[in-house]
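Engineer: fold the following and give me the result.
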Amino acid sequence: MTDELNIIYANREYQLLGNHAWVDVHTLSIHIMRGKDGVKVEIFPAAHDGISEPVATCKAKWSEPDAANKTQVVKRYVR
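Structural biologist: This next block holds a predicted model:
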């Protein structure tokens, strides 16, 4: 089962469709949040209580382009 998961998740790009997501990486839980002014990432130990502070955080300011002037990017993936 672990080998199957590695094939599914290895070397892939993913898009955050909602406002936040959790990703487990080894012994860490990563919380990715999209806000009005950018993205914030919080890193917790995998076995956290949900109350304690994250061990690390990172923020990146980003504003979405105006929808009227938006350029669409198309990616092709070949298997």
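Engineer: N19: neighbour count?
Structural biologist: N19: 9 surrounding residues under other C-beta atoms under 10 Å. For the C-beta atoms, the positions are set from N, CA and C on the backbone; glycine is no exception.
Engineer: backbone dihedrals for it, please?
Structural biologist: Main-chain torsions, N19, degrees, to the nearest 10: phi -100, psi -10.
Engineer: what's the helix or strand for the residue nearest to it when sequence neighbours are not counted?
Structural biologist: Excluding the flanking residues, the one nearest N19 by C-beta to C-beta, 6 or more residues apart in numbering is R34, at 5.1 Å. Using DSSP states H and E, R34 sits within strand 28-35.
Engineer: likewise L17?
Structural biologist: Using DSSP H and E, L17 falls outside every helix and strand.
Engineer: pLDDT score assigned to it?
Structural biologist: On pLDDT, L17 comes in at 84.
Engineer: in the strand holding R34, what's buried?
Structural biologist: Within strand 28-35, the residues that count as buried by 16 or more other C-beta atoms under 10 Å are 29-30, 32.
Engineer: can you add pLDDT and give the residues you listed back as JSON lines?
Structural biologist: What follows is those, written out as JSON lines (pLDDT from 0 to 100):
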{"residue": "S29", "pLDDT": "91"}
{"residue": "I30", "pLDDT": "92"}
{"residue": "I32", "pLDDT": "94"}
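Engineer: and the helices in this protein, which stretches?
Structural biologist: Assigned helices in the chain, in chain order: 2-9 (criterion: DSSP state H).
Engineer: pLDDT of stretch 38-49, averaged?
Structural biologist: Mean pLDDT, computed over stretch 38-49, is 89.
Engineer: just the buried residues of it, please?
Structural biologist: Residues 42, 44 are the ones in stretch 38-49 that count as buried (16+ other C-beta under 10 Å).
Engineer: and the contacts of it?
Structural biologist: With C-beta atoms under 8 Å, 6 or more residues apart in numbering as the test, stretch 38-49 has contacts from 24, 26-33, 52, 54-63.
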